[in-house]
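In: structure for the following, please:
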Amino acid sequence: MLAGDHTGWGRPHAKTLKDRSFVHQPNLVEGNKPIVLGHDYSTLGWVPEMSGSWAIPLCHERISSFETAPKEALSN
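Out: Below you'll find the model as predicted:
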């Protein structure tokens with residue numbers, strides 16, 4: 001079975017980082033919005049056993065600000 005995951009990595013203080021965009025990042029501070037400047041990443045993994053709790057990563061790529069997570073997952 002193949003599994004896909006999308007993760008946002010916040011980099012709010014990296015002012016020279018190219019192609020930063022607003023990404024979702026859960027925030028435990030009450031009253032703050034769950035978005036931050038950073039990069040999105042897409043991971044495709046193989047889950048070898050239905051009852052297992054681990055996976056083997058096959059592909060891990062950054063999603064540009066011009067793409068979406070579902071589009072990136074389908075292109076892999």
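In: CA atoms for contacts and neighbours, from now on please.
Out: Fine.
In: now do residue 34, the pLDDT please.
Out: Looking at residue 34, its pLDDT stands at 83.
In: ramachandran coordinates for it?
Out: For residue 34, the backbone dihedrals (degrees, to the nearest 10) come out as phi -80, psi 40.
In: so how far is residue 2 from it?
Out: Using Cα to Cα, to the nearest Å, residue 34 is found at 28 Å from residue 2.
In: try residue 10
Out: Taken as Cα to Cα, the span from residue 10 to residue 2 is 26 Å.
In: with residue 12 instead?
Out: Going from residue 12 to residue 2 by Cα to Cα gives 32 Å.
In: residue 8 now?
Out: Distance of residue 8 to residue 2, computed by Cα to Cα: 20 Å.
In: who's more crowded, these two?
Out: A direct count of neighbours by other Cα atoms under 10 Å for residue 8 and residue 2 places residue 8 higher, at 21 against 12.
In: hmm, the more buried one is touching residue 21, no?
Out: No. Using Cα atoms under 8 Å, residue 8 is not in contact with residue 21; the gap is 9.9 Å.
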